[in-house]
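Chemist: Just to be clear, the model below is a prediction. Sequence and coordinates:
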Amino acid sequence: MYSTNGILFKLNHIDRIQRLRLLAIVPVFIVAVLNTGYQYLVSRALNNTTGTGDWRSRMIENFVGEGLEPDIFTALAAGLVHVFPVLMAALLTAGIWERVFAAGRGRQFDSGFIYLAVLFTFFMHPSVSLFHVVFGMSFGMVFARGIFGGEGRSFLSPVLVGVAVVQISFPAALTDHPIWNNIAGYSGTTSLMTYHQEGLSGLTWSGIEWWDAFVGITPGLMGTTSVAAAILGGAILVFARVASLRLVVGHIIGLVMASIVFNTVTGGIMDLPWYWHLVLGSFAFGVIFLATDPSSSCVTNSGRWTQGIIAGGLIVLLRVVNPSHPDGVIPVLLLVSMLSPLIDHIVIWFNIRQRALRHGG
């Protein structure tokens, strides 16, 4: 009887976490749909690409006509045409692989793949090839989840692995898209590349304001533009103790420290302030929804602080010294997640050593 109750408690606990995660992602989903649609309408008007787009453009023209004004209803329709097919492809792919491994290992089918597919979708380019979605989602589900035994048994996030594989395998895809020419392919927004080329004045001339970047009214990967939506979802996860506040704060501390150091050492040449680093690219979204994933983060409190500070500093370093990775969030989070077991091991060894010294060992 005790064993049965324990299993039921564990299953109920997992279901609660999954529901909270999906609830936390709702604000991001709403902004992703509306902003993607709005940026599509604005970019299409500026580039005069009516009738020359891909199948998504043809669907939008068939549904709402060619004379598209960027109001909330047309933005909603255009956003859904971009987000929904990618989400369905990611869900179907992740669900199939989850079913295959569950049947092959004789374990219960885990619905956690839904949350993974949504996160993966948000890191995709608005005009992503559905083949690339299937490829990246498959790689993440197989090599970062399935072969380890499923939820809670891997030290890697399937989303991080899947997105990284897409970025590495198709580095030049969609970089010269006729409509989405303000997004650097799968690497994210061109705002950081604009800064490297023209400095802060270049961001101003390109129409990127700090407040717009915070709210999420800027070009970028579909679900990573809004810091405000990410903070709202993160508050739900932290309040429910699903995500670690130490990890989030640690990343911010590392980013601020590295930004100040680079600005000081270079004499202002690398003068992108820390508060711009916070809102550009996918930093906020990646930290809140991926870095806090228990499968890819430290379990000790000191380890979480250490992991966050290292990752935040490395993101700034990669952004400053390597413009070929304009965002830097995905490779850094993947690297640090692989180091998290080592960080925990060092923390535990140090604590044991300190305790032994205090007791004269």
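Modeler: All right, it came through fine.

Chemist: Which parts of the stretch 151-300 of the chain are helices?
Modeler: 158-169, 191-205, 210-215, 227-239, 245-265, 274-279, 283-286 (DSSP state H, counting those that start in this stretch).

Chemist: Now render those as JSON lines, adding mean pLDDT and mean neighbour count.
Modeler: C-beta: built from backbone N, CA, C; applies to glycine. Output for these, formatted as JSON lines (pLDDT from 0 to 100; neighbours: other CB atoms under 10 Å):
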{"stretch": "helix 158-169", "mean pLDDT": "94", "mean neighbour count": "24"}
{"stretch": "helix 191-205", "mean pLDDT": "70", "mean neighbour count": "17"}
{"stretch": "helix 210-215", "mean pLDDT": "92", "mean neighbour count": "16"}
{"stretch": "helix 227-239", "mean pLDDT": "96", "mean neighbour count": "20"}
{"stretch": "helix 245-265", "mean pLDDT": "91", "mean neighbour count": "19"}
{"stretch": "helix 274-279", "mean pLDDT": "90", "mean neighbour count": "19"}
{"stretch": "helix 283-286", "mean pLDDT": "95", "mean neighbour count": "28"}
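
Chemist: now P273: how far from V279?
Modeler: 10 Å (CB to CB, to the nearest Å).

Chemist: actually F84, not the one I wrote
Modeler: Distance of F84 to V279, given as CB to CB: 27 Å.

Chemist: try N263
Modeler: When CB to CB is the yardstick, N263 and V279 sit 17 Å from each other.

Chemist: re the thing from before, any idea which of the helices of the stretch 151-300 of the chain gets closest to D293?
Modeler: Nearest of the helices of the stretch 151-300 of the chain to D293, taken as CB to CB: helix 158-169 at 8.0 Å.

Chemist: Which stretch among the helices of the stretch 151-300 of the chain approaches V28 most closely?
Modeler: Among the helices of the stretch 151-300 of the chain, helix 227-239 comes nearest to V28, with 4.6 Å by CB to CB.

Chemist: list the helices and strands the closest one packs on?
Modeler: When contacts are defined as 3 or more CB pairs under 8 Å, 6 or more residues apart in numbering; DSSP states H and E, helix 227-239 packs onto helix 2-47, helix 210-215, helix 245-265, helix 283-286.

Chemist: Show the subsequent helix or strand relative to the longest one.
Modeler: Helices and strands here follow DSSP states H and E; after helix 2-47, the next one along the chain is helix 55-64.

Chemist: And that following helix, what's buried?
Modeler: Applying a neighbour-count criterion of 16 or more other CB atoms under 10 Å, the buried positions in helix 55-64 are 56-57, 59-60, 64.

Chemist: Next, format the residues you listed as CSV and append distance to T190 and pLDDT.
Modeler: As requested, these are arranged in CSV below (distance: CB to CB, whole Å; pLDDT from 0 to 100):
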residue, distance to T190, pLDDT
R56, 20, 89
S57, 21, 85
M59, 26, 86
I60, 23, 84
V64, 28, 66
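
Chemist: got the end-to-end distance for stretch 285-298?
Modeler: Start-to-end span of stretch 285-298 (CA to CA, to the nearest Å) is 19 Å.

Chemist: any idea of the pLDDT on the residue nearest to F109 when sequence neighbours are not counted?
Modeler: Among residues not flanking F109 along the chain, A102 sits closest, at 4.6 Å (CB to CB, 6 or more residues apart in numbering). Looking at A102, its pLDDT reads 90.

Chemist: Heading C-terminal from whichever strand or helix holds A102, find the next helix or strand.
Modeler: Per DSSP H and E: A102 is located in helix 72-105. Secondary structure here is assigned by DSSP H and E; on that basis, the next helix or strand after helix 72-105 toward the C-terminus is helix 113-122.

Chemist: packing partners for that next one?
Modeler: Helices and strands touching helix 113-122, by 3+ CB pairs under 8 Å, 6+ apart, are helix 2-47, helix 72-105, helix 130-143, helix 158-169.

Chemist: deepest of those helices, which one?
Modeler: Ranked by mean neighbour count, the helices and strands packed on helix 113-122 are led by helix 158-169 with a mean of 24 (mean count of other CB atoms under 10 Å).

Chemist: now for it, which elements pack on it?
Modeler: Counting contacts by 3+ CB pairs under 8 Å, 6+ apart, helix 158-169 is packed against helix 113-122, helix 130-143, helix 329-358.

Chemist: To P158, which of the ones you listed lies closest?
Modeler: helix 130-143 (3.6 Å).

Chemist: Low-confidence stretches in this protein?
Modeler: 1-13, 48-53, 64-69, 189, 196-202, 204-205, 266-271, 323-324, 360-361 (pLDDT under 70).

Chemist: Could I get the contacting residues of the residue nearest to the spatial centre of it?
Modeler: Here the mean C-alpha position of the chain is nearest to the C-alpha of G286 (CA atoms, centre = their mean), at a distance of 3.8 Å. For G286, the contact set (CB atoms under 8 Å, 6 or more residues apart in numbering) comprises 224, 329-330, 333.
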